[in-house]
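In: Here is my input, please return the structure:
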Amino acid sequence: MSNTIVENIKSIPPVTRFFTIASIFACLIMSTLGTQASFHRLFINYYTIIYDYDTIIRPVLSNANAKYYQIVYAVLEFAAQVYKFGTSLFIPAGINDSTNRIQAIFDIYFFYTFSNHLEGYEGKFKGNFPDYLWYIIICGTLTHIITIIYTVFYTEIFFPHEILLGCVTYTWSRCFKNATINLLGIVPIKAYYLPLGNLFVKLILSGPHAMISTLMGIVVGYLYLCIQSNTLPIYNLFPGAYGTPGPNKKREGSRLGVTHIDQPTRGSTYDFIGDSIYDKGYLKAPEVLYKWLSYPVESSFRSTAFTDFKGNTLNGRATDATVRRASAAQEVASGSSSGYSWFGNNGTSGASFKGKGHRLGG
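Out: Purely as a prediction, here's the structure:
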């Protein structure tokens, strides 16, 4: 029995496994050692930065008799608080409220579920450890930046874990947009509309504050897709953003961000949701991260909405042949998909998780 549990834990992709276990330990620490004391040691935002400065740096600087080594020590102690940018990502919302800790459990579970599917071989990153770690680093950094900027103007406490959960959920919904899931286990919707459903649920169950946290996560995920596709925000509103269709191509799709290449090659297109310009491309981690993790550098390829995995310019849109070459290269480098789905095949429209979306490199 114990070996089975250990094997199941080992089978979880590394980043998701570490994040889930760290979140559980953070909850245990805060529950056993006291919320306020442990919260200050693990959490960071604009107000904790100001508090640390006032308690560590200011007393030394205001002391005319302070020694040089005391100033250096105070600066180093203040700089050491940088670890909180990592640990605060593991603290789920609700853990500091003894009457609402069930929310923390649900947040950890949902993060584990969506992150597992994104990082796994059947997901966007196809089991590539450095690339998914780079995704978490970028999104975690953007989460802290947005949170700090917001709290400069508003006296509210936002949990980076909840925002990052919204980001991961948004990224998953863009990757598997044509999958069908049950919102709250009741309402069947396409995964594409899951972020909108989450905003509605958060507003009803937890109020505007939780809805704003989820909205911040969506913004973070959207910014990541802009970096991935090498486009600017609201790029799809610019004239000619998707190139000029050929003379024999009709302008299919009235939805914002849809082009003819986003449509399925056969079968009904009535309920098919195609890729937008932001869904294209694949963001590869820096080579130094690959070397640090001792991971094969050739296991993935960088591509954007305008260049394929070989760096060839696509003039604003990818051809079907380019998409197939990029996808094939990514599959060979990262391993083939097992076809396994966390959500099964019940209620899905066709093979929802078998990689039929037209995305470069993933």
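In: Residue 84 touches residue 48, doesn't it?
Out: Yes - between residue 84 and residue 48 there is a contact at 7.2 Å, judged by Cβ atoms under 8 Å. The way it works is simple: take the backbone N, C-alpha and C, and place the C-beta from them, glycine included.
In: For the stretch 51-200 of the chain, just list every one of the strands.
Out: Taking DSSP state E, counting those that start in this stretch as the test, the strands found in the stretch 51-200 of the chain are 180-183, 187-190.
In: Looking at these, which one is packed in the most?
Out: Of all these, strand 180-183 has the most neighbours on average by mean count of other Cβ atoms under 10 Å, namely a mean of 16.
In: elements contacting that one?
Out: Under the contact criterion of 3 or more Cβ pairs under 8 Å, 6 or more residues apart in numbering; DSSP states H and E, strand 180-183 touches strand 187-190, helix 194-205.
In: Distance-wise, check residue 94 relative to residue 165.
Out: Counting by Cβ to Cβ, to the nearest Å, the gap from residue 94 to residue 165 is 12 Å.
In: what would the strands of the stretch 51-200 of the chain look like in TSV with mean pLDDT and distance to residue 215?
Out: Formatted as TSV, the strands of the stretch 51-200 of the chain follow (pLDDT from 0 to 100; distance: least, Cβ to Cβ, whole Å):
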stretch	mean pLDDT	distance to residue 215
strand 180-183	82	17
strand 187-190	82	18
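In: hey, where'd the helices end up in the protein?
Out: For the chain, the helices defined by DSSP state H occupy 2-10, 14-33, 35-42, 46-52, 58-61, 68-79, 84-87, 102-119, 129-153, 160-175, 194-205, 208-229, 287-292, 320-334.
In: ranking those by burial, who's on top?
Out: Comparing the helices of the chain by mean neighbour count (mean count of other Cβ under 10 Å), helix 160-175 comes out on top with a mean of 26.
In: Which strands or helices does that helix pack on?
Out: Helix 160-175 sits against helix 102-119, helix 129-153, helix 194-205, helix 208-229, with contacts defined as 3+ Cβ pairs under 8 Å, 6+ apart.
In: repeat that for 10 Å
Out: Judged by 3 or more Cβ pairs under 10 Å, 6 or more residues apart in numbering; DSSP states H and E, helix 160-175 is in contact with helix 14-33, helix 84-87, helix 102-119, helix 129-153, helix 194-205, helix 208-229.
In: and the angle from it to helix 14-33?
Out: Per axes from the mean of the first three to the mean of the last three Cα atoms, to 10 degrees, the angle that helix 160-175 makes with helix 14-33 is 150 degrees.
In: what's the offset of helix 160-175 from the middle of its chain?
Out: The chain centroid and the centroid of helix 160-175 are separated by 5 Å, computed with Cα atoms, centre = their mean, to the nearest Å.
In: quick one: it to helix 102-119, angle?
Out: Using the same axes, to 10 degrees, the direction of helix 160-175 lies 40 degrees away from that of helix 102-119.
In: related to what we said a few turns ago, overlap in contacts of residue 94 and residue 165?
Out: Both residue 94 and residue 165 are contacted by 106-107, 159, under the criterion Cβ atoms under 10 Å, 6 or more residues apart in numbering.
In: Return the member of these nearest to residue 66.
Out: Distances from residue 66 to those, taken as Cβ to Cβ, are shortest for residue 159 (36.4 Å).
In: What ranges in this protein fall below the confidence cut-off?
Out: The model of the chain has pLDDT under 70 over residues 1-2, 34-35, 98-99, 235-270, 308-362.
In: Surely residue 201 is in contact with residue 184?
Out: Yes - assessed by Cβ atoms under 10 Å, residue 201 is found in contact with residue 184 at 6.6 Å.
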